[in-house]
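Q: Quick one, structure for this:
(2 chains)
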Amino acid sequence: MIAAHGLGKRFGDRRVFRDIDVELPEGGFLLVTGPNGSGKTTLLRILARLAAPSAGSLEGPPRETIGYLGHDPLVYRELTPIENLTLFGRLYRVPERAERIGMLLERFGLWDVRHERVSTFSRGMQQRLGLCRVVLHEPALLVLDEPYNALDTAGAELLDAMLDEPRTLVVATHEPRRVEHRADQRLAFA
Amino acid sequence: MTYFRDVGALARKDLLLELRAKETLPSMLLFVIAALVIFHFALPRGSDPTAARGLLWAALIFTALLGLTRAFVAEREQGMFDALVLAPCDRSAIWLGKTIAVLGFLAAAEVVALPAFAAFFHGLDGRTVAAVALADVGIAAVGTLFGAMAVAGHARELLLPLLFLPMAIPIVVGGVGEYLWFLVLYDGIFALLSWAAFEYVVAEA
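A: Below is the predicted model of the structure:
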């Protein structure tokens, strides 16, 4: 699913990381850990095809089969959940969009607020909506950067269930205890 | 057809965001009216109508710049480019959707600005209105491309005027002189270039 060799990234004179190798088969789970500023987010953006490496090679699935959640939930705050998911459902060519959106909103506990603006939501509710957006098009690869951010206990359990579904996963988190039992590969940044 | 449905969905999203946030259009309206009032008192009585037309174009270009500065606010502040560029839709659809929305904001500002200009100065003829309409297409096309480039830059508030204003000089020349054929040519060339270049502007860095 992902074959990366000798990955490196520089921003000008600053080297973020170098010589990273990742061989992740389909259905594999890569856990990325490390302190702030160590390069976790940069690596995840490269694996999600949102940034190019400065060195090395990367083979992976096409962009449209990737679900990416960054530090932000990546939803428009002045739109409602329905409007956000309808927009992305169209752009991601999701079949039977209305049914899929309804099912996800129910599952993530957002059905009752589906017509309210996201700007009125708590950060945790926004994160739940971000998770809905990420799996809306049933991606083969999920790349999640600190997915437990702002989630309450119920939200974290919903995310746990999502991570149990058969998918290839790359997750960066400050809370490795929550997911380390699922991970079959680890990459620790110093 | 899918391409144009994507464009429609993206343009609708931008218009809806503005309708809810009400940040860009009111600022543009306030700015253009204030600029025209200032120009009205700054220009001596009995001045050449061409001088007044020049001031109209200065007001319109800076009003457009104000709108363009706000055009990618949601994408910049909420990181939405990441979600948009991963989608399998053609990336130029993102540019076209945004261009249509910017065009809508410009047109709305001018619905107020042009009658105000007619009231403050020497009236308004059909040729000036046609020149403004044609110029809007070029302003929106080029400005949206540069707006996206500025989002990726560090000094983005500085970068957009530095990129956009030199490219607006031909529009002002064509607008003040009312060279409609020149504006049509500018629109055609730069809309096509912007459409084709957008892919590379949002490509992974």
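Q: Mind jotting down where the helices sit in chain A?
A: Applying DSSP state H to chain A gives helices spanning A:40-47, A:81-91, A:97-107, A:123-135, A:153-163.
Q: To which secondary structure element type does the residue nearest to the spatial centre of chain B belong?
A: The residue lying closest to the centre of chain B (Cα atoms, centre = their mean) is B:A140, at 3.8 Å. The three-state assignment at B:A140 reads helix, by DSSP: H, G, I helix; E, B strand; the rest coil.
Q: Could you give the number of residues near residue 24?
A: Answering for chain A, as no chain was given. Look at A:L24: counted by other Cβ atoms under 10 Å in any protein chain shown, it has 20 neighbours. Heads up, the C-betas are built off the backbone N, CA and C, glycines and all.
Q: Chain B was what I was after
A: The burial count for B:T24: 23, using other Cβ under 10 Å.
Q: so where's chain B shaky on pLDDT?
A: B:204-205 (pLDDT under 70).
Q: Now do the helices in it.
A: B:2-21, B:24-42, B:49-71, B:73-77, B:80-86, B:91-120, B:126-152, B:156-176, B:180-201.
Q: returning to what we had before: using a markdown table, lay out the helices of chain A together with mean pLDDT and mean neighbour count.
A: Formatted as a markdown table, these follow (pLDDT from 0 to 100; neighbours: other Cβ atoms under 10 Å in any protein chain shown):
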| stretch | mean pLDDT | mean neighbour count |
| --- | --- | --- |
| helix A:40-47 | 94 | 23 |
| helix A:81-91 | 96 | 23 |
| helix A:97-107 | 96 | 16 |
| helix A:123-135 | 96 | 22 |
| helix A:153-163 | 93 | 15 |
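Q: Quick check: which of those is nearest to chain B?
A: helix A:81-91 (3.8 Å; Cβ to the nearest Cβ).
Q: The closest one close to chain B?
A: Yes: applying Cβ under 8 Å from any Cβ of the partner chain, one finds helix A:81-91 touching chain B at A:83, A:87-88, A:90-91.
Q: can you list contacts of that helix?
A: For helix A:81-91, the surrounding residues in contact (Cβ atoms under 8 Å, 6 or more residues apart in numbering or on different chains) are A:75-76, A:79, A:94, A:97, A:100-101, A:104-105, A:110, A:113-116, A:118, A:129, A:132-133, A:136-137, B:5-6, B:9-10, B:13, B:16, B:83-84, B:87-89.
Q: Using neighbour counts, trim those residues to the buried set.
A: A:75-76, A:79, A:94, A:97, A:100-101, A:104-105, A:110, A:113-114, A:118, A:129, A:132-133, A:136-137, B:6, B:9-10, B:13, B:16, B:83-84, B:87, B:89 (16 or more other Cβ atoms under 10 Å in any protein chain shown).
Q: what pairs with the spatially most central residue of chain A across the strands?
A: Geometric centre of chain A, nearest residue: A:L144, 2.6 Å, by Cα atoms, centre = their mean. Beta-bridge pairing for A:L144 (DSSP bridges): A:L69, A:V171.
Q: Can you verify my assumption that it contacts A:R133?
A: No: contact criterion Cβ atoms under 8 Å: A:L144 and A:R133 do not qualify, at 12.0 Å.
Q: any common contacting residues for these two?
A: What both A:L144 and A:R133 touch, as defined by Cβ under 8 Å, 6+ apart, is the set A:L69.
Q: and B:H122, what does it touch?
A: Taking Cβ under 8 Å, 6+ apart, one finds B:49, B:52 in contact with B:H122.
Q: typo on my end, it should be A:R97
A: Per Cβ under 8 Å, 6+ apart, neighbours of A:R97: A:86, A:89-90.
Q: And B:W57, by the same measure?
A: B:W57 neighbours (Cβ under 8 Å, 6+ apart): B:135, B:171-172, B:175-176.
Q: about what we covered before: my read is that the residue nearest to the centre of chain B contacts B:A107, right?
A: No: applying Cβ under 8 Å as the test, B:A140 and B:A107 come out as separate, 9.4 Å apart.
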